[in-house]
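> I'd like to go over a predicted model; first the sequence, then the structure.
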Amino acid sequence: MKGAGEDQTGLRADFSSLLPDAVLDAVERATGQRCSGVIRALPSYINRVYTVGMENGERVVAKFYRPGRWGRAAILDEHAFVRACADEEIPVIAPLPLAQGGTLGDADGIAFALFTQRGGRPVEPADPGNALWGRLGALLARIHRVGERAPAPARLTLHPLTATTSDLDYLLDHAFLEPREAARLEAFGGDLLDAVAPLFDGVETIRLHGDCQHTNVLERPDSGLFLIDFDDMMNGPPVQDVWMLLPGRAVSARAELEQIIEGYESFRAFDRASVRLIEPLRAMRMTYYLAWCARQAHDASFLQNHPEWGTRAFWARELAELEEQLAVIRETGDHCGAL
């Protein structure tokens, strides 16, 4: 989600200078070692990520951050959080120290970092009786124990009156919708904020992973579960990382939610009343995703992959889903917080 460290004008990628030779040169300067010349691009829509072979036989992962997305301070907030987790022997992949000092390099204006290459099998959603849910909760709790120790000042704070208001303003101020659809979105936004903002009063806010989907959890036979891709880390309520792992809404995934919380509470206290934030957070995530897409509306590759984005048919469908989610929030109320 867009925060203090993210470009306010949108996501405008310019990786035109990032040719293979430039990648190899950047890695050699950053490591003080020679590359073997082997380079392979890894799947990543936002950033550019490569596996690079070194002359000594090792491999590193080079992550080049999308220009204009995060400021230097925001990236360093990410690095500090992940390295602090690694210092506690929590299974994450921390950025490597560079030969010039620090963990953030520069390749002709493009920020980059290096990581140890580690493979793993993505976890799959499990049935309620699978011990995976408790293990996921325990992993999150250990990460949140580190997250509570310090803020991330250059990162977004997940609150409807700041984050969601910013997303709604971006969509409405940049004329992405026709007047009739814009009026529906504005009405939805006002109703959503009225309904959910009071629920965030007094809620604990700590550093979070922020995008804790099961696709960002890998498993290795030697080390068990580990969490990857802290690119969207933020400050927010701990339940944000919990709900994104669930296979469905809170009311239909109570067994999985209870097991996550039980695992979580083996390492850290969990505010069970915060479960009432799950469906509001889902609505905020849906709104954020629309704004995230809008910030790249002029990116040629985005438009090629999403040709329907921004059409009246698109907005009719998306607005209907937002309004349905608001109805869910109103219907469930405090019932989803009764665990």
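That came through, no problem. Numbers count the residues shown, from 1 in each chain.
> how close does the nearest residue to G147 once chain neighbours are set aside get to I261?
Of all residues not flanking G147 in the chain, R207 sits nearest, at 3.5 Å (C-beta to C-beta, 6 or more residues apart in numbering). To be clear about C-beta, it is placed using only N, CA and C from the backbone, and glycine gets the same treatment. For R207, the distance to I261 equals 20 Å [C-beta to C-beta, to the nearest Å].
> the more surrounded of these two?
Neighbour totals were compared for R207 and I261, and R207 leads with 27 against 22 (other C-beta atoms under 10 Å).
> Confirm that the more buried one sits in a strand.
Yes - assignment of R207 by DSSP: H, G, I helix; E, B strand; the rest coil places it within a strand.
> List the residues that contact it.
By C-beta atoms under 8 Å, 6 or more residues apart in numbering, R207 lies in contact with 81, 146-148, 150-152, 155, 233-235.
> again, only this time at 6 Å
81, 147, 152, 235 (C-beta atoms under 6 Å, 6 or more residues apart in numbering).
> quick one: which helix or strand includes the third one?
Translated: A152. When elements are assigned from DSSP states H and E, A152 belongs to no helix and no strand.
> Please, which helix or strand holds the closest residue to it other than its chain neighbours?
Leaving out its chain neighbours, the residue that sits closest to A152 by C-beta to C-beta, 6+ apart is D77, at 3.9 Å. Element membership for D77 (DSSP H and E) is helix 72-87.
> mean confidence score for that helix?
Averaged over helix 72-87, pLDDT sits at 97.
> And for stretch 288-299?
89.
> Give me the distance between V27 and P67.
In this view, V27 and P67 are 18 Å apart by C-beta to C-beta.
> Show me which of these two is the more surrounded one.
Just comparing V27 and P67: by other C-beta under 10 Å the higher neighbour count belongs to V27, 25 against 18.
> then the worst-scoring helix or strand of the chain on mean pLDDT to PDB, C-alphas only?
When the helices and strands of the chain are scored by mean pLDDT, DSSP states H and E, helix 300-305 comes last with a mean of 78. C-alpha atoms of helix 300-305 as PDB (Å, rounded to 0.1, in the frame of the first residue of the first chain):
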ATOM      1  CA  ALA A 300       2.400  -0.200 -21.200                       C
ATOM      2  CA  SER A 301       3.000  -3.600 -19.800                       C
ATOM      3  CA  PHE A 302       0.200  -3.200 -17.300                       C
ATOM      4  CA  LEU A 303      -2.300  -2.200 -20.000                       C
ATOM      5  CA  GLN A 304      -1.200  -5.100 -22.200                       C
ATOM      6  CA  ASN A 305      -2.000  -7.500 -19.400                       C
END
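> Touching the next helix or strand after that helix from outside, list them.
Sequence-wise, the next helix or strand downstream of helix 300-305 (DSSP H and E) is helix 312-332. The contact list for helix 312-332 (C-beta under 6 Å, 6+ apart) reads 177, 181, 184, 188, 191-192, 195, 279-280, 283, 286, 308.
> next one: stretch 99-106
With C-beta under 6 Å, 6+ apart, stretch 99-106 has contacts from 30, 32, 75, 79, 95, 98, 111-113.
> picking up where we left off before, tell me how many other residues surround the residue nearest to A152.
26.
> Backbone dihedrals for the residue nearest to S274 when sequence neighbours are not counted, both of them.
Nearest non-adjacent residue to S274, counting by C-beta to C-beta, 6+ apart: V239, 4.3 Å away. As for V239, its main-chain torsions (degrees, to the nearest 10) stand at phi -60, psi -20.
> Go ahead and confirm V239 touches R276.
No - judged on C-beta atoms under 6 Å, V239 makes no contact with R276 at a distance of 8.9 Å.
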